[in-house]
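Trainee: have a look; sequence and predicted model below, questions after that.
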Amino acid sequence: MIGFMHGTALAQLAQQIKQWGRELGFAGVGIADCDLSVAETGLLAWLDQGFHGEMDYMAAHGVKRSRPAELVPGTLRIISARLDYLPPMAADPHAVMADADAAYLARYALGRDYHKVLRNRLQKLAERISAEAGAHHFRVFTDSAPVLEVALAEKSGLGWRGKHTLLLNRQHGSWFFLGEIYTDLPLPVDAPETSHCGSCQACIDVCPTRAIVAPYSLDARRCISYLTIELKGSIPLELRPLMGNRIYGCDDCQLVCPWNRFAQTAALADFEVRNGLDSARLIDLFAWSDADFNDRLAGSPIRRIGHERWLRNIAVALGNAPPAPAIAAALGARLAHPSALVREHVTWALARQQES
């Protein structure tokens, strides 16, 4: 059937795709072409500056990330989708961050692993398209392949790239996930969104580690999300005191963004808080054994960092907390941990406790 679809029929299909997307829980769906030449220039400059740190996969695929038709031959269009994730019943993030004895985790990680949730819904959308238009060649992506998702979402009209490099939307702020369907359907494309950041640079000013080195430019090596999730080794000494109680990711740039006054909470139960992670105590989480970590975080995106890095991150947060006998005791109990990485950060944290 696809070969016979032209003009009006393709336009109607595009509108149906957006409606089907809404029925599947997506807050927005847009369609873009494959021309990412402008974004490619920025990507190559970013890589040349070494801002990707140890994320070697960012460079490994070369320009496939910015050339969809090379990643998936035959691709003509990219269907981008937004899915809101802010947990509706989570503790106030500002209050948690202000409580030095509490653990702050990025709000996106409080519930179920978004990769599975998003991928399943995108797959259903792609199959619905096939049922209507006939078999089309497609691939679904959810932050799992070399895809410039923000650039594609921007081209498809879902929002604009903020100065913190995340996608912003006037009705939804930035608390959402992005996913894509690469397809060979010659669908009509949507108009890109214009920027509405203006002269605001609240996200730049608030970044604890000054990772946003310029508007639209992030040095991942200084970003707390990178340090607590992507970095496998030792966290740089000069950055540890700046991390506060953030043990998995960082939301500062989103929390301060004026556009997030309009953010919508998640409509899916998948993103509701699990294990009380919205306001858990650092000492309690530090006491988790390897089995506790794997059992309690089954189905969570946090599990992929492993127990060793979990302890590393919490040790830094405990070192930044106000001195307390209970903290010193908790850290002391980990001084003989089998991992040299954990021992190093525990030793640093104990020294910080004694200095304060």
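Mentor: Done, it's in.

Trainee: buried set for the lowest-mean-pLDDT helix or strand in the chain?
Mentor: The element with the least model confidence among the helices and strands of the chain, by mean pLDDT, DSSP states H and E, is helix 57-60, at a mean of 78. Along helix 57-60, these residues count as buried under the neighbour rule (16 or more other CB atoms under 10 Å): 58-59. C-betas here are computed from N, CA, C, even on glycine.

Trainee: same question for stretch 287-305.
Mentor: Buried residues in stretch 287-305, counted by 16+ other CB under 10 Å: 288, 293, 296-297, 300-303, 305.

Trainee: how about the residues you listed in TSV, adding pLDDT and secondary structure?
Mentor: Listed next are the buried residues of stretch 287-305 as TSV, based on pLDDT from 0 to 100; DSSP: H, G, I helix; E, B strand; the rest coil:
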residue	pLDDT	secondary structure
Trp288	98	coil
Phe293	98	helix
Arg296	97	helix
Leu297	98	coil
Ser300	97	coil
Pro301	96	helix
Ile302	98	helix
Arg303	97	helix
Ile305	98	helix
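
Trainee: which of those residues sit farthest apart?
Mentor: The widest separation within these, taken as CB to CB, falls between Trp288 and Pro301 and amounts to 16.7 Å.

Trainee: distance of Leu272 relative to Arg112?
Mentor: Actually, residue 272 is Glu. It isn't Leu. Glu272 is 8 Å from Arg112, where distance means CB to CB, to the nearest Å.

Trainee: got the buried residues of stretch 287-305 as JSON lines, with distance to Tyr108 columns?
Mentor: Below are the buried residues of stretch 287-305 laid out as JSON lines (distance: CB to CB, whole Å):
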{"residue": "Trp288", "distance to Tyr108": "21"}
{"residue": "Phe293", "distance to Tyr108": "19"}
{"residue": "Arg296", "distance to Tyr108": "18"}
{"residue": "Leu297", "distance to Tyr108": "14"}
{"residue": "Ser300", "distance to Tyr108": "11"}
{"residue": "Pro301", "distance to Tyr108": "7"}
{"residue": "Ile302", "distance to Tyr108": "10"}
{"residue": "Arg303", "distance to Tyr108": "14"}
{"residue": "Ile305", "distance to Tyr108": "14"}
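
Trainee: tell me the contacts of the closest residue to Glu230 other than its chain neighbours?
Mentor: Taking CB to CB, 6 or more residues apart in numbering, and ignoring the residues beside it in sequence, Glu230 has Met55 as its nearest neighbour in space, at 5.6 Å. Taking CB atoms under 8 Å, 6 or more residues apart in numbering as the definition of contact, the neighbours of Met55 are 220, 226, 230.

Trainee: looking at Glu272 and Arg112, which one has more neighbours?
Mentor: Applying other CB atoms under 10 Å to Glu272 and Arg112 shows that Arg112 carries more neighbours, namely 18 against 15.

Trainee: does the residue lying closest to the more buried one once chain neighbours are set aside belong to a helix, a strand or coil?
Mentor: The shortest distance from Arg112 to any residue that is not its chain neighbour, by CB to CB, 6+ apart, is 4.2 Å, and that residue is Asp270. Taken by DSSP: H, G, I helix; E, B strand; the rest coil, the conformation at Asp270 corresponds to helix.

Trainee: quick one, what contacts Asp270?
Mentor: When contacts are counted by CB under 8 Å, 6+ apart, Asp270 touches 111-112, 114, 117.

Trainee: just the buried residues of the longest helix seen in the chain, please?
Mentor: Among all segments of the chain classified by DSSP state H, the helix with the greatest residue count is helix 114-133. Judged by neighbour count (16+ other CB under 10 Å), helix 114-133 contains these buried residues: 114, 117-119, 121-122, 125-126, 128-130, 133.

Trainee: list of residues touching that helix?
Mentor: 1-2, 5, 13, 16-17, 20-21, 24-26, 29, 79, 81, 83, 85, 108, 136, 138, 140-144, 177, 179-181, 183, 185, 268, 270-271, 299, 301.

Trainee: how about the strands in this protein?
Mentor: Chain-ordered strands for the chain, with DSSP state E as the definition, fall at 28-32, 77-84, 104-105, 138-141, 160-161, 167-168, 176-183, 212-214, 217-218, 246-248.

Trainee: I'd like those strands laid out as TSV, including mean neighbour count, mean pLDDT and distance to Ser279.
Mentor: Formatted as TSV, these follow (neighbours: other CB atoms under 10 Å; pLDDT from 0 to 100; distance: least, CB to CB, whole Å):
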stretch	mean neighbour count	mean pLDDT	distance to Ser279
strand 28-32	24	98	30
strand 77-84	26	98	21
strand 104-105	28	98	9
strand 138-141	21	96	33
strand 160-161	20	98	31
strand 167-168	24	98	27
strand 176-183	25	98	23
strand 212-214	16	97	27
strand 217-218	20	96	28
strand 246-248	27	98	13
